[in-house]
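# Sequence first, predicted model second:
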Amino acid sequence: MNNLIVLPLIIPIMVGVVLVFLRPYVKLQRVISLITMIGIAGISIFILNRVQTHGIIRLDFGGWEPPFGILFVADSFAMLLVLTASIVTAICLIHAFSSIGEKHEKMYFYPFVLFLVAGVNGSFLTGDLFNLFVCFEVMLLASYVLITSGGTKPQLRESIKYVVINVLASWFFLVALAFLYGTVGTLNMAHISERVAEVGQGPLLTTISILFLLVFSLKAGLLLFFWLPGSYSVPPTAVAALFGALLTKVGIYALFRTFTLIFYHEPLISQTLIGIMAGITLIAGCMGAIAFKDIRLIVSYNVLIAIGFIMIGLAIGTETSIAGSIYYVVHDMIAKAMLFLLAGTMIYLTGKSKIDEMSGLIRNYPLFGWMFFLVTCSLAGIPPLSGFVGKILVGQGAIESGSYVLLALAFISSIVVLYSLLRIFLNTIFGETIISLEDEKPMKLGMIIPIVLFGIATVSLGLGAEFISVYVTDAAHTLSNPSVYIDAVMGGNK
Amino acid sequence: METLIIMLIGILVAVATYLILSRNIIRIILGTAVFSHAVHLLILTMGDLKKGNVPLLKEADAPYADALPQALILTAIVISFAVTAFILVLAYRTYQDVGTDDLDELRGARDE
């Protein structure tokens, strides 16, 4: 049964390779890729439930027992993210069917989306730091192709920067890995954690931890986000939605994993640093979200606000606040993908990207308009939508530990999110319509259906918070008690 | 020996940093390539330069050399090869379409 947990990585890769050979058959590619993603979602639900009954599952590749071999570890946190990533990808694929265009579809769009998913799932599941680097690279190479494919001038211009900054981040990752290996002599995360606890986190290890913080912050867009708004606003809608939902979350996952499992001994340094970085990210994200009029840039800066918010949960570091962050990550993957799809569809419908050039869309497309209102409420954290639970738990954790500055920043940022999205809403969706009935582009069914699906997801995640709280509580428990994870991995091999 | 290699790594990193800070795309790509060589050497040095035998249990005498860094470097080399190939093609394509390889001109206006 343990072999199951490699499937979220191996299925997309195998199917992706097969799809490369099915290049001319676009319809077949669509069907196969969608079925694959739904299948992976089903498998992840099964594994997630199994983790609840049987505890953390691990798979040692080639029978090499830890700490000697590479291994996959499935705990609730990883599986929740794998599940959400699969669902989000499936829905984004439906949008891509009608929005991406045959030119992309014939240039291996679907295989690369599957490779991207393989890299993302692998990063969530791996229990080995070097393997994490490899999965990062799988994901990044796929994302390089997706961001450049199409080859318009702004895309090429932004993707050069995106690629170079990520190559540099990967370099820092390798440097950090080399020093860590030289210091503790192992790469298995649980084993590293044990060794760090044994020798104590001295200045050298703290420096290494800051190197890791730097690397993952670059990937997550925490403070070092200067590359993010530009590169997330150029690719086609479905790709931008995937990026906004998945890529930064992998960095966030890595930050949570390393700073709760391995480098948790110096909270004064690491958590303070993360807190400061999260605070600055929030402030800068808010400024960006208010300052620009290009809808794609506003949406990209909203990604930053969410990252800052999630990292505040880690900076506070109590079990409650971590649970809040986990809720919020799941919520944000769904809501950000929905927001990106809405923004992209808006640009498709009007042919414009500035908010003061559009108006009155609700008269032409009422359902679309109300969906935008729904995601605005959800991101602002209005109950009973999905953002509420995460915000209240992070807030509760902040009060428990007395981090009032972070608390204030987190909740002021919610208001800014509401303001920046309502600004889009009032300017573009309300008001006098500028599109006459003759010029009105028909809304494609394939574009509105995924948006509605995301809408349903965010409502049901909010209403069904009780239902997933079992998984979130377990995930937060594992994160705040490293010994649970270590025992599951190293059990019997001490 | 380790000290010498570390100094060599330092020189490589200095060269790569100089290259990557220039405005020409090709120089930046060369910079990333030199960076990756530096870090491969670093990983090798971190696993201790060769001090023991081939790590074949029972076939060679202890102490054994650490085989893991070599496996890591092999993976890292393949990855950096792929990324460098991709970024070279991307740079060429950008040069063809945008007509410049100067990053200052690639900055792009915010309000396009």
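Done, it's in. Numbers count the residues shown, from 1 in each chain, chains lettered A, B, ... in the order given.

# Tell me the pLDDT of residue 99.
Assuming you mean chain A. On the pLDDT scale, residue A:99 is placed at 90.

# Chain B, not that one
84.

# Any chance of the backbone angles for it?
phi 80, psi 20 (degrees, to the nearest 10).

# Kindly report the residues of chain B close to chain A.
B:20, B:25, B:28, B:32, B:35-36, B:39, B:42-43, B:45-47, B:68-69, B:72, B:75-76, B:79, B:82-83, B:86-87, B:90-91, B:93-94, B:97-98, B:103, B:106, B:108, B:111-112 (C-beta under 8 Å from any C-beta of the partner chain). Yep, even glycine has a C-beta here, placed from its N, CA and C like the rest.

# Are any of these buried, and if so which?
B:20, B:25, B:28, B:32, B:35-36, B:39, B:42-43, B:45-47, B:68-69, B:72, B:76, B:79, B:83, B:86-87, B:90-91, B:94, B:98, B:103, B:106 (16 or more other C-beta atoms under 10 Å in any protein chain shown).

# coming back round to it: go through the residues of chain B next to chain A and flag which are in helices.
Members of these lying in helices (criterion: DSSP state H): B:20, B:25, B:28, B:32, B:35-36, B:39, B:42-43, B:45-46, B:68-69, B:72, B:75-76, B:79, B:82-83, B:86-87, B:90-91, B:93-94, B:97-98.

# Is residue A:425 in contact with residue A:373, as I believe?
Yes - using C-beta atoms under 8 Å, residue A:425 makes contact with residue A:373 at a distance of 6.3 Å.

# Give me the more crowded residue out of these two.
The neighbour count for residue A:425 versus residue A:373, taken as other C-beta atoms under 10 Å in any protein chain shown, is higher for residue A:425 (19 against 15).

# Confirm that the more buried one sits in a strand.
No - counting by DSSP: H, G, I helix; E, B strand; the rest coil, residue A:425 is not found in a strand; it is helix.

# how far away is residue B:107 from residue A:163?
Distance of residue B:107 to residue A:163, given as C-beta to C-beta, to the nearest Å: 16 Å.

# of these two, who's got more company?
residue A:163 (25 against 11).

# what's that one in contact with, if anything?
Going by C-beta atoms under 8 Å, 6 or more residues apart in numbering or on different chains, residue A:163 touches A:144, B:83, B:86-87, B:90.

# Now with 7 Å, please.
A:144, B:87, B:90 (C-beta atoms under 7 Å, 6 or more residues apart in numbering or on different chains).

# again, but for residue A:292
residue A:298 are the contacts of residue A:292 under C-beta under 7 Å, 6+ apart.

# Could you tell me how far the spatially closest residue to residue A:449 that is not a sequence neighbour is located from chain B?
Excluding the flanking residues, the one nearest residue A:449 by C-beta to C-beta, 6 or more residues apart in numbering or on different chains is residue A:94, at 6.3 Å. Using C-beta to the nearest C-beta, to the nearest Å, one gets 29 Å for the distance from residue A:94 to chain B.

# now for whichever strand or helix holds residue A:94, which elements pack on it?
Taking DSSP states H and E as the definition, residue A:94 sits inside helix A:76-99. With contacts taken as 3 or more C-beta pairs under 7 Å, 6 or more residues apart in numbering or on different chains; DSSP states H and E, helix A:76-99 sits against helix A:26-54, helix A:109-125, helix A:237-242, helix A:319-350, helix A:445-463, helix A:465-480.

# Which elements pack onto the longest one?
In this structure, helix A:319-350 makes packing contacts with helix A:76-99, helix A:237-242, helix A:248-257, helix A:295-316, helix A:366-380, helix A:387-401, helix A:445-463, helix A:465-480, judged by 3+ C-beta pairs under 7 Å, 6+ apart.

# and the second one, average pLDDT?
Computed over helix A:237-242, the mean pLDDT rounds to 94.

# can I get the CA coordinates of it in CSV?
What follows is helix A:237-242, C-alpha atoms only, in CSV (Å, rounded to 0.1, in the frame of the first residue of the first chain):
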residue,chain,number,x,y,z
THR,A,237,-4.6,33.1,-18.2
ALA,A,238,-4.7,29.4,-17.4
VAL,A,239,-0.9,29.3,-16.9
ALA,A,240,-0.9,32.5,-14.7
ALA,A,241,-3.6,30.9,-12.6
LEU,A,242,-1.6,27.7,-12.1
